[in-house]
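*Asks:* need the 3D shape of this:
(2 chains)
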Amino acid sequence: MKTRHLFATALLMGTMLVSAAVQAKSLVYCSEGSPENFTPAMNTTGTSLDAARPVYNRLVQFEPGTTTVKPALAESYDVSADGLVITFHLRKGVKFHSGVNGFTPTRDLTAEDVIWSFDRQWKPDHPYAKVSAGAYDYFNDMGMPDLLASIVKGADDLTVIMTLKEPNAPIMANLAMDFATIQSAEYADFLLKKGTPEQFDQMPVGTGSFQFVDYQKDAVIRFKAFDGWAGKPKVDDLVFAITPDATARYAKMKANECQIMIAPNPADLAAMGKDGDIQLLQQAGLNIAYLTMQTQKPPFDKKEVRQAIAMAIDRDSILKEVYQGAGQKAKNPIPPTIWSYDDSTVDYSYDPAKAKEMLTAAGVTSLDTDLWWMPVQRPYNPNAKRMAEMMQADLEKVGIHAKLVSYEWGEYRKRLQAGEHQMGLIGWTGDNGDPDNFLFLLSCKADGTPASQNQSKWCNKQYDADLLKARTLSDQAERTKIYQEMQKIHHDEMPWMNIAHSTVYEPVRKEVSGYKVSPLGAHEFQNVDVTE
Amino acid sequence: MIKYLLKRAALTLPTFIALMFVTFTMIRLVPGDPIEVRRGERGISPERLAELRHVMGLDQPVWKQFLDYVWALLHGDFGTSIVSKTPITTEFFTLFPATVELTMCAMLFAVIIAVPAGVIAAAKRGSIYDQSMMGVALVGYSMPLFWWGLMLILLMSNTLHLTPVSGRVDLIKYFYPQVTGFFLIDSVLSGQKGAFLDAVRHLILPTIVLGTIPLGAIARMTRSSMLEVLEEDYVRTARAKGLSVFRVIGFHALRNALIPVVTMIGVQLSFLLAGAVLTETIFSWPGVGNWLIHSIERRDYPALQGGIMLIASLVIVLNFIMDMLYGLINPRIRHGR
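*Replies:* As a prediction, this is how the structure comes out:
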């Protein structure tokens, strides 16, 4: 096994050396950690999804730098009038990577690969269901097991028919997510026969713009360009230099040891902006930071109290001090970059006098409460502790004495989910750019109890009915009307106080062109070029 | 001698047992759950959480988990990483050569500089050289490594462009298979022109940073040990016989002065093996220190338990070998006198 692995590596090295001889163009991306594996269906972290994305494609994908869904492995699709049957027409002649782990594909992409990829996550008796201790969190979280009725081959090898149990408008945005990656059923069979199925998730074979070459844990992931259905990428070699420390990543950028880096240290942004060798790209983040209020605990069960709190907190100062200008004030529970955003919402202004008045009217003259802050930096909140301290000072002015509380991150989220808090800082980063992916956070179950992700424990029948209705509609204009109605309900009820949408920064070297910052936090390199 | 060996081995056993217990307990005392910590804002339903906890055996009583862990260890099974689903031994021994290579280079760097510096300081006791040398050693000994590493990167890599920032190899120019895992050797085996020098260049900064603290410690120890020996009668006799200063210090005094220094090197080596964590993080050095840090962040219990046990076992074995060597060299130790 080891000898074969060495032989394969030597062969791949040979290939790389030959390409080096003709002056290969390389792009080095400074990533922050090692992937858990290379099967997106089993991962939820950005680090792992980024590492697998160069290798794979989905039926539909997001246009780079946007949340627009466009055809990918499926060149087109039809949705039946009742919204229950989606027929995907696959591209003809889509090749899989050849030579990885001794595998040479004998056929192009067919319906079999699509069905295999979904069945692995869906059916417990699938031969790969338990391989690598398979846990398919996104597939389950997006409600696919409840939604799917069947996935079968259509009239020919290039037609896939997906039948749903109920119409679901966000389904195409969901299918553009990484968990819906299409893998090679033939490669899976090849490894099963070899008796090494776990290698399927460690040495990936896909149809993407880059072919996997080598991975050394905590050090490097190497890919080479693949001239597949989407055309040959502009660089010959793509290298992920695993660099956990943000300061070291910046130092590598300055030394041109990498050309693109993830997650700059907020303290370095000013210097990066002035650095002539670096372009500091930015994009409005598809995220929101908010202050959840536990509406089942008095006095937060009164909407007037919640509205008063929204008026008691000076968010402009928070934007200035915590975000240092790298964000915008949030007035709706969805970011303005998402369609259906209701720009007509009149935001609550900072008015401590009026807030105090409203609190008194609601019978709250002095209140001892808690205010939780996250112990970690998140894309939507660079410094939750400082934010909580500023809020604490503002609340004190209106007679609310908030005690600051925090826990270890996993514990924090778990307790917040259980509703142990009274007020707590948290937020959300969107998965797919569909409004449903934000608005569902405040939904309740059919029995009227809050769903697990609903930290405010707030239930509103109209809001829930709207959410379900919008899912059944395929017309975006109709859905927009409903989502704007939901934003109005949110604004009136204020189950959480909207704080900010952060700006996402990505430094790239001046030699790089064609790179687009993804609002979804993805890092994609198929259109990137580097000038020597 | 056999009796002595058996006695030492018997003393090692309780250390292992205590280590197993402490490792297992300490990790569980740290707040956080390996499943919860990976879920982020998305959360997890109580049913799914219960299912995953069952699969990982985390729903068992803690004493049962401990017994299972000990039983598996007795069968040589260090467990499987919760995150990567890879056996701990595979992960550990893939990364361990990088740590060993860095540790050895750091120790070599420290010894080569510290011993002569300590000897000269002792020989010129009270001089400006002695005082400044000991001052520098004290600064080195108390150096905050993270700051020191970043300063060196800024100076040597970003300003003077003399060394690479981090990593073990130039990722664009060189790509060779890991045969031994020691890049100084693998680069030579690869036959690629310039690969060895590239590996050396990548080792310079992490070596200096990791070697700084032992350098300070060894230099101070060498000086004080030399001062003691230089007062001995046989040194005075050697001087009286008219031997050159070089012969007196280099051959007669240094040989005896080195005994505590060698002990100190052994102790520092154990510290370095376990303590390369910061240096590996700053320099993106893919060793076990870096790996353990990530395991803590992810609450990867098996990786932490297995990794710490493996490192501690190596340190215990190292100490055991050292004890045996002492026993061989000095019969008084062997006979407990």
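*Asks:* look up how far A:P167 lies from A:V504.
*Replies:* When C-beta to C-beta, to the nearest Å is applied, the distance between A:V504 and A:P167 equals 33 Å. Just so you know, the C-beta spots here come from the backbone N, C-alpha and C atoms, and that holds for glycine as well.
*Asks:* looking at the two, which one has more neighbours?
*Replies:* A:V504 (23 against 16; other C-beta atoms under 10 Å in any protein chain shown).
*Asks:* hmm, A:G285 and that one touching each other?
*Replies:* Yes - taking contacts as C-beta atoms under 8 Å, A:V504 lies within contact range of A:G285: 4.4 Å.
*Asks:* so what sits against both of those two?
*Replies:* Residues touching both A:V504 and A:G285 comprise A:P379, A:P519, A:G521, with contact defined as C-beta atoms under 8 Å, 6 or more residues apart in numbering or on different chains.
*Asks:* from those, which is closest to A:K95?
*Replies:* Proximity of those to A:K95 was ranked by C-beta to C-beta; the top entry is A:G521 with 29.1 Å.
*Asks:* what about the helix or strand harbouring B:C105 and chain A, touching?
*Replies:* If you go by DSSP states H and E, B:C105 is part of helix B:88-123. Yes - part of helix B:88-123 sits close enough to chain A to count as contact by C-beta under 8 Å from any C-beta of the partner chain, namely B:E91, B:T94, B:L95.
*Asks:* show me what counts as buried in the helix or strand following that helix.
*Replies:* Note on helix B:88-123: by DSSP H and E, the next helix or strand toward the C-terminus is helix B:128-141. Neighbour counts using 16 or more other C-beta atoms under 10 Å in any protein chain shown place B:D130, B:M133, B:M134, B:A137, B:G140, B:Y141 of helix B:128-141 among the buried residues.
*Asks:* hmm, the helix or strand just after helix B:128-141 touching chain A?
*Replies:* Scanning the chain past helix B:128-141 towards its C-terminal end, the next helix or strand to appear is helix B:145-152 (assignment: DSSP H and E). Yes - under the criterion of C-beta under 8 Å from any C-beta, helix B:145-152 makes contact with chain A via B:L150.
*Asks:* how far off helix B:128-141 does helix B:145-152 point, in degrees?
*Replies:* Computed with axes from the mean of the first three to the mean of the last three C-alpha atoms, to 10 degrees, the direction of helix B:145-152 lies at 110 degrees from that of helix B:128-141.
*Asks:* mind exporting the C-alpha coordinates of the next helix or strand after helix B:145-152 to PDB?
*Replies:* Per DSSP H and E, the first helix or strand lying C-terminal to helix B:145-152 is helix B:183-190. These are the backbone C-alpha positions of helix B:183-190, laid out as PDB (Å, rounded to 0.1, in the frame of the first residue of the first chain):
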ATOM      1  CA  PHE B 183      12.800  16.900   5.200                       C
ATOM      2  CA  LEU B 184      16.600  17.400   5.600                       C
ATOM      3  CA  ILE B 185      16.800  13.700   4.500                       C
ATOM      4  CA  ASP B 186      13.900  13.600   2.100                       C
ATOM      5  CA  SER B 187      15.100  16.600   0.200                       C
ATOM      6  CA  VAL B 188      18.500  14.800  -0.400                       C
ATOM      7  CA  LEU B 189      16.700  11.600  -1.400                       C
ATOM      8  CA  SER B 190      14.500  13.500  -3.800                       C
END
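*Asks:* and stretch B:314-322, how far out from the chain middle?
*Replies:* For stretch B:314-322, the separation from the chain centroid amounts to 13 Å (computed by C-alpha atoms, centre = their mean, to the nearest Å).
*Asks:* same deal with stretch A:286-306?
*Replies:* In terms of C-alpha atoms, centre = their mean, the centre of stretch A:286-306 is set 25 Å apart from its chain centre.
*Asks:* how about the helices in the stretch 151-300 of chain A?
*Replies:* Listed in chain order, the helices found in the stretch 151-300 of chain A under DSSP state H, counting those that start in this stretch are A:171-175, A:185-194, A:246-254, A:269-274.
*Asks:* rewinding a little: now render the shared contacts of A:V504 and A:G285 as CSV, adding distance to A:G99, secondary structure and pLDDT.
*Replies:* Supplementary listing: those in CSV, determined by distance: C-beta to C-beta, whole Å; DSSP: H, G, I helix; E, B strand; the rest coil; pLDDT from 0 to 100:
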residue, distance to A:G99, secondary structure, pLDDT
A:P379, 37, coil, 86
A:P519, 35, coil, 90
A:G521, 31, coil, 89
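*Asks:* just the residues you listed now: which is nearest A:G430?
*Replies:* When the shared contacts of A:V504 and A:G285 are compared for distance to A:G430, the smallest value, 7.5 Å, is given by A:P519; criterion: C-beta to C-beta.
*Asks:* in this structure the closest one contacts A:Q283, no?
*Replies:* Yes - in this structure A:P519 lies within contact range of A:Q283 using C-beta under 8 Å: 5.7 Å.
*Asks:* between those two, which contacts overlap?
*Replies:* With C-beta under 8 Å, 6+ apart as the test, A:P519 and A:Q283 both reach A:G65, A:V504.
*Asks:* do you know how far A:M391 is from A:A446?
*Replies:* Here the criterion is C-beta to C-beta. By it, A:M391 lies 35 Å from A:A446.
*Asks:* tell me the angle the helix holding B:C105 makes with helix B:183-190.
*Replies:* Per the same axes, to 10 degrees, the angle that helix B:88-123 makes with helix B:183-190 is 110 degrees.
*Asks:* helices and strands around helix B:88-123, which ones?
*Replies:* Under the contact definition 3 or more C-beta pairs under 8 Å, 6 or more residues apart in numbering or on different chains; DSSP states H and E, helix B:88-123 sits against helix B:128-141, helix B:183-190, helix B:195-230, helix B:254-275, helix B:277-282, helix B:288-297, helix B:301-329.
*Asks:* swap in 6 Å and give it another go.
*Replies:* Using 3 or more C-beta pairs under 6 Å, 6 or more residues apart in numbering or on different chains; DSSP states H and E as the contact criterion, the elements in contact with helix B:88-123 are helix B:128-141, helix B:195-230, helix B:254-275, helix B:288-297, helix B:301-329.
*Asks:* from the contact counts, what lies against the shortest one?
*Replies:* Judged by 3+ C-beta pairs under 6 Å, 6+ apart, helix B:288-297 is in contact with helix B:88-123, helix B:277-282, helix B:301-329.
*Asks:* pull the contacting residues for residue 225.
*Replies:* Here I'm looking at chain A. Residues in contact with A:A225 (C-beta atoms under 6 Å, 6 or more residues apart in numbering or on different chains) are A:K232, A:P233, A:D236.
*Asks:* actually, chain B is the one I wanted.
*Replies:* If you count contacts by C-beta under 6 Å, 6+ apart, B:S225 has them with B:A257, B:P260, B:V261.
*Asks:* likewise A:P352?
*Replies:* If you count contacts by C-beta under 6 Å, 6+ apart, A:P352 has them with A:A312, A:K397, A:V398.
*Asks:* report the buried members of these.
*Replies:* Restricting the contacts of A:P352 to buried positions leaves A:A312, A:V398, with burial counted as 16+ other C-beta under 10 Å.
*Asks:* need the contacts of A:P352 in TSV (columns: secondary structure).
*Replies:* TSV is the format used below for these (DSSP: H, G, I helix; E, B strand; the rest coil):
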residue	secondary structure
A:A312	helix
A:K397	coil
A:V398	coil
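*Asks:* list just the nearest of the contacts of A:P352 to A:T68.
*Replies:* For A:T68, the closest of the contacts of A:P352 turns out to be A:A312, at 39.1 Å, with distances computed as C-beta to C-beta.
*Asks:* that closest one against A:V398, yeah?
*Replies:* Yes - with contacts defined as C-beta atoms under 6 Å, A:A312 counts as touching A:V398 at a distance of 4.5 Å.
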